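*Asks:* what shape does this take:
(chains A and B)
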Amino acid sequence: MIAETGLAALWLAAGLAALQFVLMVLALRTEVDVGRAIRSIAVVQGALTLLAFAMLLLVFSRSDMSVALVFANSHSAKPFIYKVAGAWGNHEGSMLLWVTILSAAGACLGLLSRRTGERTLVAALGAQAALALGFYAFLLIASNPFARLNPAPPDGQGLNPLLQDPGLAFHPPTLYLGYVGLSVAFSLAVGALLTGQVDARLARAMRPWVLGAWIFLTLGITAGSYWAYYELGWGGYWFWDPVENASLMPWLAATALLHSINVLAARGALKAWTMMLAVIAFSMSMVGTFLVRSGVLTSVHAFAIDPERGTFLLGLLAIYVGAAFTLFALRGASLKEGTPFELVSRESGLVINNLLLSVVLGIVFLGTLYPLFVEALSGEKLSVGAPYFNAVAGPLALVLAVLVGIGPLLAWRRERRPVLKRLTVPALLGVAALLMTIILAPGIGILPRLGLTVAAFLASASIVPLIGRNPLRAPIATWGMVVAHFGIAIALAGMAANAAFSSERLAVVKPGETLNVGPWLVQLQGVMPAAGKNWTAIEGELRATRGQGPLTLKPQTHYYSNPPTETNEAAIDTFWNGQLYTVIGKPDTSGGWQLRLWWKPFVTLIWLGGALIALGGALALLGRIWLRRRGHGAGWRKELYA
Amino acid sequence: MSRGLRLAPLALLLLLLAGLVWRLATPVDTTVHSKLEGQAVPAFDLPAALPGRPSLSSPDLATGQPHLVNVFASWCVPCITEVRVLQQLKARGAAIEGIAVRDRRDDLADFLARNGDPYDRIGSDAQSRVQIALGSSGVPESFVVDGKGIIRYQHVGPIEAADVPMILAKLEQAR
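*Replies:* The predicted structure follows:
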């Protein structure tokens, strides 16, 4: 009954979405007032998908093997938390999660939105329903998560052991909240283009949604990066894999949108551009979902390679993005740009920010899809990897990071004050960092060296907006911006330090032998068998010393029986100044074991920076909502951008 | 905003969709094609693997007739099933030569006595030198070599019963 309840809820929700869309068309054609009706329908539709998703969680947590999806992706011997996480660790479940977030976001838009014009809101809710409708069709026609098996098998087929990790419980749902949260910006933009009400009011209504989605995207990417780092045992944090790029592209678009939306909200300028970005950001989410789900690009994340589903998703992508772009082409001309601004101003700073982010987005997009187009045109197979992305996007990212330090100091419309003077100390710190790397580490590459320089500059420059005023009286949103920009400096420092100073050892070692890596001496004490609930393992015991007392690290290789798979579980010890990362591999015939050791100075700063960026976003969101609730008048906005 | 600029996103989308549709319509060909196809067999001269049987060297392959060269070993489990399929090929007229990799004389004799012997000549490649020169990464692997000693086809993994018509066709083409 549980699975059937879920399926029925899905069908009902799909019906309501269709009704919602029809009402929107009606409202745009006639003068009928459907505002209240469409809001209520959106809320009920959201509640029904939440019910369907709860039913899926229930069948997974009860290990109901009569449901085909549970049988294929779960096993009764699995720890409970991974039984629940298994609900979205597969194609059907993750698409249901996608639809659930999509319509729950629509429900929140209907419930919470007070700022948007009524007609625009109705149009936006209709657009959101149209989006949901396509994905309901996809679920119900091509990937029903509630299909039954008769007779029910005795036990399931397990779950990819790589995914049996706390990272799985957070990474995909967080990323999806970000991906799908952007759908609200998309729908609002489409709604505004339909009604022609593209103004500062719309931007202020859209901003919290973009901020919220962006926070989750940032967290999701950061968590995914750390998960890959410790779980895959490769010791890297970013591989420029197509699927990673698929999450980076919406983030880049959303970051650009986050900044351009401020120009629209404060100055009424960049209307067409902001609407375009809002459409592109969610389109990138859909492109990302398509790339992951169709398997068209060769990737380590090959989840569900199924051309039929790929065709369906591609159809949805073509309809939604095509419709939004067509609407933009038709209505874009009627958008009147707001007040003009001078060359040196906050506005032009944000325009440059947007241009650079868009170029980086273009570079990532091109690099991800280039192999496909080359093969289509010439039949030649090639792959584009880190050398291209680092060489092309790296320098641009550094330029952008420098500008991040300058932009927030500029005033709206025109800047007359000597802004660069306020940056003397940060600039000196940057030069000092450059000189220090030249003296202390003459051998490192140019990009890591410049990265450390820019990080030192930006870390100090990002705090300048708080200097010369009472920091406690500064608006929370300004604090949010400062924290996020400081986070960029921290992450940049971590990436540069990791690129410049990591040391790696790979060797075959017999018990008792010692290896050195960075400042560490690591001795293999012995290798023991170990076991967990659904795995057996061999476990190496390592003693690491660096001046003071020895530490013990226990890297493992896990063997899972169902399905038969093995995974490397790295043992990582974290210090204030870096991580010691150890992996044990295969034995050789003479009693030696493959050991892989890394000393990664300050590598944790990468994820700390990512977390700070997200925290900054959260502060900004809090500031916006708090200010709104407190009912500040026009005065607060001036203060916000002072 | 000019009309061209407003239509640009739509044009880019169409380009992207065209590329993705093409990709979905032509699934990725993951077959690895051997770089040695079209090249001459590397020169080698292997001693006979069994006493009283002929040895195998590269000139033995350039006799004007196509040959199937099978890289195998008595210690290789898939080779047991494969050698039976090779006998079907031999019965249908294929000339089959063997390269026994890292093998022992008695084990090899046992293997052939138990599973059948389709080979005209068997060379003993004790140090895998010829195997490596042929670009073979494991056992079993097979090469279709034409009458001039040019490699026409490399088959990675065992030749299965279903592959027989394909191998015969390759041998016919190499004639």
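*Asks:* for the residue of the stretch 351-500 of chain A found nearest chain B, grab phi and psi.
*Replies:* Closest to chain B within the stretch 351-500 of chain A is residue A:376: 4.9 Å, counting by C-beta to the nearest C-beta. The way it works is simple: take the backbone N, C-alpha and C, and place the C-beta from them, glycine included. With angles defined as degrees, to the nearest 10, residue A:376 sits at phi -60, psi -40.
*Asks:* and it, what does it touch?
*Replies:* Shown in contact with residue A:376 (C-beta atoms under 8 Å, 6 or more residues apart in numbering or on different chains): B:19, B:22, B:23.
*Asks:* same check, this time on residue B:68
*Replies:* Taking C-beta under 8 Å, 6+ apart, we find residue B:68 in contact with B:86, B:89, B:94, B:95, B:96, B:97, B:142, B:143, B:144, B:145, B:167, B:171.
*Asks:* swap the cut-off to 6 Å and go again
*Replies:* By C-beta atoms under 6 Å, 6 or more residues apart in numbering or on different chains, the contact set of residue B:68 is B:94, B:96, B:142, B:144.
*Asks:* tell me the most packed of the residues you listed, by neighbour count.
*Replies:* residue B:142 (27 neighbours; other C-beta atoms under 10 Å in any protein chain shown).
*Asks:* partners of that residue in the sheet?
*Replies:* Beta-bridge pairing of residue B:142 under DSSP bridges involves residue B:70, residue B:155.
*Asks:* where's it relative to chain A, distance?
*Replies:* 25 Å (C-beta to the nearest C-beta, to the nearest Å).
*Asks:* pretty sure that residue is touching residue B:67, no?
*Replies:* No: Residue B:142 is beyond contact range of residue B:67, at 10.3 Å (criterion: C-beta atoms under 6 Å).
*Asks:* adding distance to residue A:332, write the contacts of residue B:68 out as JSON lines.
*Replies:* JSON lines is the format used below for the contacts of residue B:68 (distance: C-beta to C-beta, whole Å):
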{"residue": "B:94", "distance to residue A:332": "69"}
{"residue": "B:96", "distance to residue A:332": "71"}
{"residue": "B:142", "distance to residue A:332": "63"}
{"residue": "B:144", "distance to residue A:332": "61"}
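*Asks:* not counting residues beside it along the chain, what's closest to residue A:352?
*Replies:* In this structure, residue A:352 finds its nearest non-sequential neighbour in residue A:403, 6.2 Å apart by C-beta to C-beta, 6 or more residues apart in numbering or on different chains.
*Asks:* what about the one you found, how many neighbours?
*Replies:* Residue A:403 has 16 neighbouring residues, counting by other C-beta under 10 Å.
*Asks:* in PDB, could you pull the C-alpha coordinates for stretch A:458-465?
*Replies:* Provided in PDB are the C-alpha atoms of stretch A:458-465 (Å, rounded to 0.1, in the frame of the first residue of the first chain):
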ATOM      1  CA  LEU A 458      42.200  39.300  -0.900                       C
ATOM      2  CA  ALA A 459      42.200  38.000   2.700                       C
ATOM      3  CA  SER A 460      43.000  41.500   3.900                       C
ATOM      4  CA  ALA A 461      41.200  43.400   1.200                       C
ATOM      5  CA  SER A 462      37.900  41.600   1.800                       C
ATOM      6  CA  ILE A 463      37.800  43.000   5.400                       C
ATOM      7  CA  VAL A 464      38.400  46.600   4.300                       C
ATOM      8  CA  PRO A 465      34.600  47.300   3.800                       C
END
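*Asks:* mind listing residues that contact it?
*Replies:* For stretch A:458-465, contacts defined as C-beta under 6 Å, 6+ apart pick out A:401, A:405, A:408, A:422, A:423, A:426, A:429, A:482, A:485, A:486, A:489.
*Asks:* among these, which ones are in helices?
*Replies:* Members of the contacts of stretch A:458-465 lying in helices (criterion: DSSP state H): A:401, A:405, A:426, A:429, A:482, A:485, A:486, A:489.
*Asks:* tell me the one of these nearest residue A:262?
*Replies:* Comparing the ones in helices among the contacts of stretch A:458-465 against residue A:262 with C-beta to C-beta places residue A:485 closest, at 13.8 Å.
*Asks:* pretty sure the closest one is in contact with residue A:405, am I right?
*Replies:* No: judged on C-beta under 6 Å, residue A:485 makes no contact with residue A:405 at a distance of 7.5 Å.
*Asks:* most neighbours of all the contacts of stretch A:458-465, which one?
*Replies:* Top of the contacts of stretch A:458-465 by neighbour number is residue A:489, holding 26 neighbours under the definition other C-beta under 10 Å.
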